[in-house]
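Trainee: Return a 3D structure for these sequence lines:
(chains A, B, C and D)
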Amino acid sequence: MAILVDESTRLVVQGITGREGGFHAAQMAAYGTNVVAGVSPGKGGLKVLDSVPVYDTVRQAVKEAGANTSIIFVPAPNALDAVLESIDAGIRLTVIITEHVPPSDTWRAVNYAARRGVRLIGPNCPGVISPGKAKVGIMPASVFKRGGVGVVSRSGTLTYEVSLQLTKSGLGQSSVVGIGGDPIVGTGFKDVLEMFEKDVETHAVVLIGEIGGDAEEKAAAYISEHLSKPVVAYIAGRTAPPGKRMGHAGAIVSGTEGTVEAKTKAFTEAGVAVAKTPSEIPALIARATRR
Amino acid sequence: MAILVDESTRLVVQGITGREGGFHAAQMAAYGTNVVAGVSPGKGGLKVLDSVPVYDTVRQAVKEAGANTSIIFVPAPNALDAVLESIDAGIRLTVIITEHVPPSDTWRAVNYAARRGVRLIGPNCPGVISPGKAKVGIMPASVFKRGGVGVVSRSGTLTYEVSLQLTKSGLGQSSVVGIGGDPIVGTGFKDVLEMFEKDVETHAVVLIGEIGGDAEEKAAAYISEHLSKPVVAYIAGRTAPPGKRMGHAGAIVSGTEGTVEAKTKAFTEAGVAVAKTPSEIPALIARATRR
Amino acid sequence: MKLYEHEAKKIFRDIGIPTPLGEVVTSVEEAKRAYARLAQRSVVVKAQVLVGGRGKAGGIKFASNVEEVESAAKTLLGSEIKGERVGAVLIEPKLDISRELYLGVTWDRSERSPVVIASSEGGVNIEGVAKTKPDAIKRVHVDPEIGFKPFMGRLLASSIGLTGRVLQSFADIASKMYSLFDGFDAELVESNPLALTSQGEIVAADARLNIVDDALFRHKEFSNNSDERLAEYSVLERKARQLGVQYVELDGSIGIIGNGAGLTMATLDLIKYYGGEPANFLDAGGGSSEEEFMQALSILNENPNVRLVFVNILAGITRCDDVARAIVKARISLGMSKPFVIRLAGTNEEEGRRILAASGINVYSDMDEAAKKAVEAASKV
Amino acid sequence: MKLYEHEAKKIFRDIGIPTPLGEVVTSVEEAKRAYARLAQRSVVVKAQVLVGGRGKAGGIKFASNVEEVESAAKTLLGSEIKGERVGAVLIEPKLDISRELYLGVTWDRSERSPVVIASSEGGVNIEGVAKTKPDAIKRVHVDPEIGFKPFMGRLLASSIGLTGRVLQSFADIASKMYSLFDGFDAELVESNPLALTSQGEIVAADARLNIVDDALFRHKEFSNNSDERLAEYSVLERKARQLGVQYVELDGSIGIIGNGAGLTMATLDLIKYYGGEPANFLDAGGGSSEEEFMQALSILNENPNVRLVFVNILAGITRCDDVARAIVKARISLGMSKPFVIRLAGTNEEEGRRILAASGINVYSDMDEAAKKAVEAASKV
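Mentor: Reported below is the predicted structural model:
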């Protein structure tokens, strides 16, 4: 099983003729991901990576190459269009790597996806890997190992760090999902936790949060009600300078200070062990699963 | 039974402090319609028609007066806002009397209604009457009589004419629905035909069409597949001058000339009797129901 | 409100849709000077009219020297095309067209949404293509949540067989045409042909932009020149538009006034059914006052083809007594001597009947009976 | 990008939201002349800074004569408020406020949508109200299909107890503030207090408009003045912004560079956990080149508080060999003599390790071990 991506993934890379898109298409294919098509408007007819066809539209990639998952590398000003195209073409999972997408664009994409019943991950995220099965993202493959720990995170490189620590301790991962750090993201902690709960290969979950917002508090509330599997959390930013304030509105909306202390309290109350350093995580996972 | 409006209708009049809204609110109440509230922003707290409360918002009219149906008289530039407010407040049926609503506004309202699963009638329509039960519209009550013929029409006064002819021939009406003549309307022939088919009080249906577009052709196709009750059609405009053309696009979109001949052919092929004059309608109904 | 080709092309250019760069002129001398300024051998001289089918009606001429330009301008300026006088011509460089495409945006009533329509087989025969080869016409319907996005333009371009740079340009033009449709509250934005030149460029060889009258309140920029656009109407039709009533002239002799478009159409049909010939269509509207109704009568009074006036009113908001008083006043203050046949029913019917009876005018309450009488009376006038 | 109050108020006024009509001045003399021009006895003199909590920090003064204006301007101009230098003050007529309302638009991360927030209990204590009387705060979330419509403004106004003409004005202002939010790709549009005057008018006594940096590509109108907005940052923070890296100064002595915001935050936390004090936060980004990394190092080189540099890289797109070469070059071409503790892992780790070993620099592969070493070494510098 694993979640989101696996052997059944048939990937189309939107923006495959760009520098980043091309590089990571090759990396993902090398990892064993089934990269079935690229899309680059006006460049339909090309072949890349020896035999991967490039199309003008995602609809062609779906129809002619059987794509069911998309990863987006197109620049921010065109990212919304690319996501909507992917949703419109019937792609079931779209991973948006692109950084600097305006939140108003993400908002429109997220609503459109919700109405069509399809899933977005990101933007501004490292993507998803199910080690040994498929990688739909930009993470360095070497730090991951197949196993039973699900990882979900708002961060990029910190996710790699935690996965590396798990791997070094002999704890492989079922799937690792970077949901992205933007104010508005397609998939939140709750969505991924729900998938991990249902996934038979996942035995424990690591949640990596950050200061700011109330996503971790919401996740803690969800875990306490819906998760039977053990969860270990780590929250970065204890030492971070206070973020630039968003007027009064930010504080009114979230109703939390968004500090590591507040988030730690929420997790502890939900029965979630909170690691003080990333290196504590493997031991906490081991202890939790032993019970 | 009847369709759309009846004794269970609890009506809020949006724009009740305007000239038209006030006049017709009184007329509808006099007919026996349960007019429970009016809405006029900034005038909340007033009472009109002796005891009908005026609210600032439709939500108040729903919450405090139990409104479930709305009729809109607000001027065209504010009509979209009024319709969206009505939908947002959970009103199940909104009748838009206002003329000259830009089609782009109607388009947005129709989509919003469809997603919320509620019904719009109009704009630019006379409304709906279920004779002897409730009138949610601007039609002259005197021409209608309670009975078993359902009437659906794109026209206003022509609907009154046909109803008058039916009434004079002793054929009362279950409900009479003016769907409006604008390019984009909330409820089409098909929707109303479906309701009449299900309505136990309706024994036969009169459909009043006009030249232009392909709504009648679509209705004919629907009748031939889904209607068990007899239908008589009348189409106005045999002698009308050819309409101002909408470039090539209009003809391409509808794929029909939109003439009375084309529409008559479609109805005849669907087994629908087509009246040559309005006065022929009662006889055709009588013949059809006798079988 | 329809815009002239040259006005639509200006708007196309402003938003970045390529069009030929021409000049509009209203005299033969200007046409010759414009030809010199364009400094192109081959040009096209196009009558600026609002009616459709201009090309087939001879409104487009090609010219390759100044004499031909002069002759084209002379022929077109002041001529009538499908009843509309040509007041100006547009002179443009002739395009080197390798293929005629079609691109249009309009309302699809059945789908209750805007539709963007494309074909690789554009040109004068596009409607024939729509009938005989429906697969050559591609459509995209638009969801208000997201509007028309660039990818939809690419889907259309791809579906009509375009690739490479041309696919991108076509998609870009489709997005821009939709922006115009949405931004101007248009009922039609169209380019036919949308020319693919031998150089691989896409250029709007023709341009149409019709704005929904009901949305003009949001587009004050057109309020100044709405009068000049009345050129397509007769004097009385213009008067009717200024009064805000629907009036169209026909070939017969029975003048007709009804209230409501549907009832008025049905009235015309009934007159025809009983062997008469309507002189016009005049919808006095759903709630006209005594004064408004008299103004409407004055239009028929001034139409010399009207030999008899048939009034058919089923009063809802309209009141029969107002109509009756308007008729009485018209006979006095307008000196209207044409015979009337009058049908009144509905609100205040008895009062109306009484007012007209006092002036010696007979009133019918049944539409069929009245129509038969009108046809019979008209044949005797 | 944050706008100054006077800039936000100009934009509010342009869209039709009432604001007090004041003047921005940068000197005491100008302040006196502005007071004379305003011809109002009671005015308010407001420091133009981008930090929040200005009022509580003494950045707002009232004055009723020219001497008081002079004194207020003298006190404020050139002073520092929460670390930000006051370069200008805004002088406005004092409003006759009967009630302080609150109105703001921002992003609600949980609901993944914009939210418009209103309260009848606005003013400096609004956040306290949000905690102690959550029912006094009303919200409307916005669906992208229809946006924020006038009726939603009326619902908000009604829900906070407004009626009559005030309900209409409040709704109108809410619609306009949402238009600004949407049109400017804002992350915050706020007025607190939104003043209800004794005359029953609603006036934006304060105005905030922060634009999402990621959307600035759509708002070229602000590209010219983005430099002046850097006033709130230190010299090195400004340099970092120009390089496009995230850099914030802190109070400690261990300089830190990580790649990725989360890893860099975790690195700071780890240093602190082991008893050290970070001198800064510096995220070199996810895919920085050798040159970019050297530029990032130069910032720490120029920061006198940095006694030791801790580099923590888990390379994905970034390559360890690039990082290693940047460090070697920084030591040579920047003459960077500060000690380094370096942790490298991931892409091209071995190559990076080899390059640094050749320069006599030890490299750790474990983050914990490296952090402990850095804290230990820093204590000895």
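
Trainee: Can you show me the helices along chain A?
Mentor: Here chain A has its helices, by DSSP state H, at A:19-31, A:58-65, A:76-88, A:103-116, A:157-168, A:189-198, A:215-226, A:249-254, A:260-269, A:281-290.

Trainee: Could you tell me the least trusted of those?
Mentor: Looking at the helices of chain A, the lowest mean pLDDT belongs to helix A:249-254 (a mean of 71).

Trainee: okay, C:Lys220: pLDDT?
Mentor: Reading off the model, C:Lys220 has pLDDT 77.

Trainee: Redo the helices of chain A as JSON lines? Include mean neighbour count and distance to D:Ser159.
Mentor: (C-beta placed from N, C-alpha, C; glycine too.) What follows is the helices of chain A, written out as JSON lines (neighbours: other CB atoms under 10 Å in any protein chain shown; distance: least, CB to CB, whole Å):
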{"stretch": "helix A:19-31", "mean neighbour count": "19", "distance to D:Ser159": "47"}
{"stretch": "helix A:58-65", "mean neighbour count": "21", "distance to D:Ser159": "43"}
{"stretch": "helix A:76-88", "mean neighbour count": "24", "distance to D:Ser159": "32"}
{"stretch": "helix A:103-116", "mean neighbour count": "21", "distance to D:Ser159": "23"}
{"stretch": "helix A:157-168", "mean neighbour count": "26", "distance to D:Ser159": "41"}
{"stretch": "helix A:189-198", "mean neighbour count": "19", "distance to D:Ser159": "28"}
{"stretch": "helix A:215-226", "mean neighbour count": "20", "distance to D:Ser159": "25"}
{"stretch": "helix A:249-254", "mean neighbour count": "23", "distance to D:Ser159": "15"}
{"stretch": "helix A:260-269", "mean neighbour count": "18", "distance to D:Ser159": "29"}
{"stretch": "helix A:281-290", "mean neighbour count": "17", "distance to D:Ser159": "45"}
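
Trainee: Dump those helices into a markdown table; add distance to C:Ser110 as well.
Mentor: Formatted as a markdown table, the helices of chain A follow (distance: least, CB to CB, whole Å):
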| stretch | distance to C:Ser110 |
| --- | --- |
| helix A:19-31 | 40 |
| helix A:58-65 | 23 |
| helix A:76-88 | 21 |
| helix A:103-116 | 22 |
| helix A:157-168 | 50 |
| helix A:189-198 | 38 |
| helix A:215-226 | 44 |
| helix A:249-254 | 43 |
| helix A:260-269 | 53 |
| helix A:281-290 | 59 |
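
Trainee: Chain C: which of those helices is closest?
Mentor: When the helices of chain A are compared by CB to the nearest CB, helix A:76-88 sits nearest chain C, at 3.5 Å.

Trainee: quick one: the closest one to chain centroid distance?
Mentor: 18 Å (CA atoms, centre = their mean, to the nearest Å).

Trainee: Which elements pack onto that helix?
Mentor: strand A:11-14, helix A:58-65, strand A:69-72, strand A:93-96, helix A:103-116, helix C:150-159 (3 or more CB pairs under 8 Å, 6 or more residues apart in numbering or on different chains; DSSP states H and E).

Trainee: Let me know the helix or strand that the residue in chain C positioned nearest to chain B is in.
Mentor: Among all residues of chain C, C:Gly262 sits closest to chain B, at 2.5 Å; criterion: CB to the nearest CB. Using DSSP states H and E, C:Gly262 sits within helix C:261-273.

Trainee: how big is the angle separating that helix from helix B:260-269?
Mentor: 90 degrees (axes from the mean of the first three to the mean of the last three CA atoms, to 10 degrees).

Trainee: Which residues are in contact with the residue of chain C closest to chain B?
Mentor: Contacts for C:Gly262 (CB atoms under 8 Å, 6 or more residues apart in numbering or on different chains) come out as B:Ser153, B:Arg154, B:Ser155, B:Gly156, B:Thr157, B:Leu158, B:Thr159, B:Gly181, B:Ile208, B:Glu210, B:Ala236.

Trainee: Quick check, the fourth one in contact with B:Gly122.
Mentor: No - B:Gly156 is not in contact with B:Gly122 according to CB atoms under 8 Å; the separation is 10.8 Å.

Trainee: Identify the contacts common to the two.
Mentor: By CB under 8 Å, 6+ apart, the residues touching both B:Gly156 and B:Gly122 are B:Gly178.

Trainee: any idea how far the closest residue to chain D within chain A lies from chain B?
Mentor: Chain A approaches chain D most closely through A:Ser155 (2.5 Å), counting by CB to the nearest CB. A:Ser155 is 36 Å from chain B, where distance means CB to the nearest CB, to the nearest Å.

Trainee: Could you report the neighbour count for that residue?
Mentor: By the criterion of other CB atoms under 10 Å in any protein chain shown, A:Ser155 has 27 neighbours.

Trainee: which ones are touching it?
Mentor: A:Gly178, A:Gly181, A:Ile208, A:Glu210, A:Ala236, D:Gly260, D:Ala261, D:Gly262, D:Leu263.

Trainee: State the distance from the residue nearest to the fifth one when sequence neighbours are not counted to A:Ile208.
Mentor: Going back to what we said before, that points to A:Ala236. Nearest residue to A:Ala236 in three dimensions, chain neighbours excluded: D:Met265, at 4.0 Å (CB to CB, 6 or more residues apart in numbering or on different chains). For D:Met265, the distance to A:Ile208 (CB to CB, to the nearest Å) stands at 11 Å.

Trainee: So for these two, which residue has more residues nearby?
Mentor: A:Ile208 (29 against 25).

Trainee: related to what we said a few turns ago, looking at the helices and strands packed on helix A:76-88, which is nearest to chain B?
Mentor: Of these, nearest to chain B by CB to the nearest CB is helix A:103-116, at 7.7 Å.

Trainee: For residue 100, which residues are in contact?
Mentor: No chain specified, so I'll use chain A. Contacts of A:His100 by CB under 8 Å, 6+ apart are A:Ala76, A:Asn124, D:Asp213, D:Asp214.

Trainee: Hmm, no, I was thinking of chain C.
Mentor: Counting by CB under 8 Å, 6+ apart, C:Glu100 touches C:Glu121, C:Gly122, C:Gly123, C:Asn192, C:Pro193, C:Leu194, C:Ala195, C:Leu196, C:Ala205.

Trainee: and C:Ile342, what are its bridge partners?
Mentor: Under DSSP bridges, the beta-bridge partners of C:Ile342 are C:Val311, C:Val363.
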